[in-house]
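Participant: Got a predicted model here, sequence first, then my questions.
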Amino acid sequence: MRLSKKSWAVIKTIVFLLSLLPFLFLVNDALQNQLGANPIETLHFRLGDWAIRFLCIGLVLTPIKKLFKQSWPTRFRRMMGLFAFFYASLHFLVYSILDLELSWRLFIDEVPNSPYILIGLFTYALLIPLALTSTKGMQKRLGKWWIQIHRLVYLAAVTAVVHYLWLVKADYNEPLLYAAIVFILLLLRVRFKGQLYRYQRTSN
């Protein structure tokens, strides 16, 4: 897709604003007291949902690029990853500030006995180095290590789905949908890696 830098800047601004809309809708619902009987739980779930959604969107961009032989999807990969981190951070803050009230005692009492919280914290820990090294400057400094670090996104997607599956108590439809999406995306990655390996063997 051949567009001018100005056109791409406009498109990226539109995508950025669209990605911010879920947060703005949540803020509006909170201000209008429309988060239901348990507003903290609603915030927690909806922010977690959007974190996983942006993880999936970020992961699907490379397969789109390879399948359709277009380079433009990768222009949005960093933005989608940072929005996944943004919503995951809000998800974590709602839990630690509104739910636990920043109490270390509650944290120590609850977390070790809740596997879904442990894997949620592990997932968030995986996203932190991805966000910190997302700039082009860090990519140049880290070189080949940058690729190795950013492969953690696949593990983060898997553990995020496991976190969601352990969190829900009745309706598993949505976490199973995310699990299917992540599974398909991982299969595509294996397929593309296999194609690259066969190409390298035949070209040598």
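Facilitator: Structure received. Residues are numbered from 1 along each chain as shown.
Participant: from memory residue 48 sits against residue 164, does it?
Facilitator: Yes. The pair residue 48 and residue 164 qualifies as a contact (CB atoms under 8 Å) at a distance of 6.9 Å. Bear in mind the C-beta positions are built from the backbone N, C-alpha and C, glycine included.
Participant: Helices of the chain, residue ranges please.
Facilitator: With DSSP state H as the criterion, the chain has helices at 5-31, 39-68, 77-93, 104-110, 115-132, 136-142, 144-150, 152-167, 173-203.
Participant: Turn those helices into CSV, including mean pLDDT.
Facilitator: Listed next are the helices of the chain as CSV, based on pLDDT from 0 to 100:
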stretch, mean pLDDT
helix 5-31, 93
helix 39-68, 90
helix 77-93, 95
helix 104-110, 77
helix 115-132, 92
helix 136-142, 87
helix 144-150, 86
helix 152-167, 91
helix 173-203, 72
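Participant: Could you export those to JSON lines, including columns for mean neighbour count?
Facilitator: Listed next are the helices of the chain as JSON lines, based on neighbours: other CB atoms under 10 Å:
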{"stretch": "helix 5-31", "mean neighbour count": "12"}
{"stretch": "helix 39-68", "mean neighbour count": "19"}
{"stretch": "helix 77-93", "mean neighbour count": "21"}
{"stretch": "helix 104-110", "mean neighbour count": "12"}
{"stretch": "helix 115-132", "mean neighbour count": "17"}
{"stretch": "helix 136-142", "mean neighbour count": "11"}
{"stretch": "helix 144-150", "mean neighbour count": "12"}
{"stretch": "helix 152-167", "mean neighbour count": "20"}
{"stretch": "helix 173-203", "mean neighbour count": "13"}
